[in-house]
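Q: fold the following for me, if possible:
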Amino acid sequence: MSEEALTRIMILDTMGHAYSVRPYQARDRHALEQFYAEFEPKRSAQGLPPGDAESISRWLANATSRGIHMITELGTTIVGHVMLMPIEDRPDAVELASFLHQAVRNRGLGTMLNRMGLELARRACHRYVWLSVEPSNRGAIRSYEKAGFRRIPGSLWAHEMEMEVALAEPSTPLALQPIVK
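A: The predicted model follows:
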């Protein structure tokens, strides 16, 4: 999947604020590091995001070298990052990780971005999208469930709850379409 196949789109949250969603580019690296430096709570999902600038930089160097990455901007400020990362032992699946700045949560934005991540995975011909989330992160769990994720039995009482979506076959070429609420 090429970056050219993805375009910038505008979406609205439940308060009517407009956000731009587009593919991550290497020139976004400093701004994305700043996003994670300000992100709270730190180390909330599998130790992510890392807590200090050096660790954030190393983590992003590794993460952005593979997978599909979308950033969300309010004006020129990054307020969200969605990643679809390959799963080594499951070539038909990707892991979704989404991070949304604390200042723009609880506005329906996360659910829209999670749905967008699922659509990107589907159009990239993946069959499954998997994630893990802390059971205490009820807002994220609700968002994932609204986007279509289902809890994987047996993980409900674990330290990290696992969720998954089985995707339908893609019917259209990969391209972001506006999602306006």
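Q: could you pull out the helices in this structure for me?
A: Along the chain, the segments classed as helices by DSSP state H run 29-38, 53-63, 109-123, 138-147.
Q: which strands and helices lie in contact with the last one?
A: Read that as helix 138-147. In this structure, helix 138-147 packs against helix 109-123, strand 128-133, strand 161-166, with contacts taken as 3 or more C-beta pairs under 8 Å, 6 or more residues apart in numbering; DSSP states H and E. C-beta here means a position set from N, CA and C on the backbone, and glycine is covered the same way.
Q: pick the most buried one from those.
A: Between these, helix 109-123 has the highest mean count of neighbours, a mean of 22, where neighbours are mean count of other C-beta atoms under 10 Å.
Q: chain center to it, what's the gap?
A: Between the mean C-alpha point of helix 109-123 and the mean C-alpha point of its chain there is a distance of 8 Å (C-alpha atoms, centre = their mean, to the nearest Å).
Q: below-threshold pLDDT in the protein: ranges please.
A: 1-6, 42-46, 155-158, 169-181 (pLDDT under 70).
Q: which residue is nearest the centroid of it?
A: Note on the chain: the residue nearest the mean C-alpha position is V82, at 2.3 Å, using C-alpha atoms, centre = their mean.
Q: surely that residue and G117 touch.
A: Yes - judged on C-beta atoms under 8 Å, V82 makes contact with G117 at a distance of 4.8 Å.
Q: shared neighbours, the two?
A: Shared contacts of V82 and G117, defined by C-beta atoms under 8 Å, 6 or more residues apart in numbering, are found at M70, L96, S98.
Q: and the first one, what are its bridge partners?
A: Spelled out, it's M70. Taking DSSP bridges, one obtains P23, V82 as the residues bridged to M70.
Q: now swap in the second one and tell me
A: On the basis of DSSP bridges, L96 takes part in beta bridges with L84.
Q: can you pull the contacts of it?
A: Contacts of L96 (C-beta under 8 Å, 6+ apart): V82, M83, L84, N114, G117, L118, A121, V129, W130, L131.
Q: next one: A93 from V21, what distance?
A: Relative to V21, A93 is positioned 23 Å away (C-beta to C-beta, to the nearest Å).
Q: show me what contacts the residue nearest to the centre of the chain?
A: H69, M70, I71, T72, L96, A97, S98, F99, L113, N114, M116, G117.
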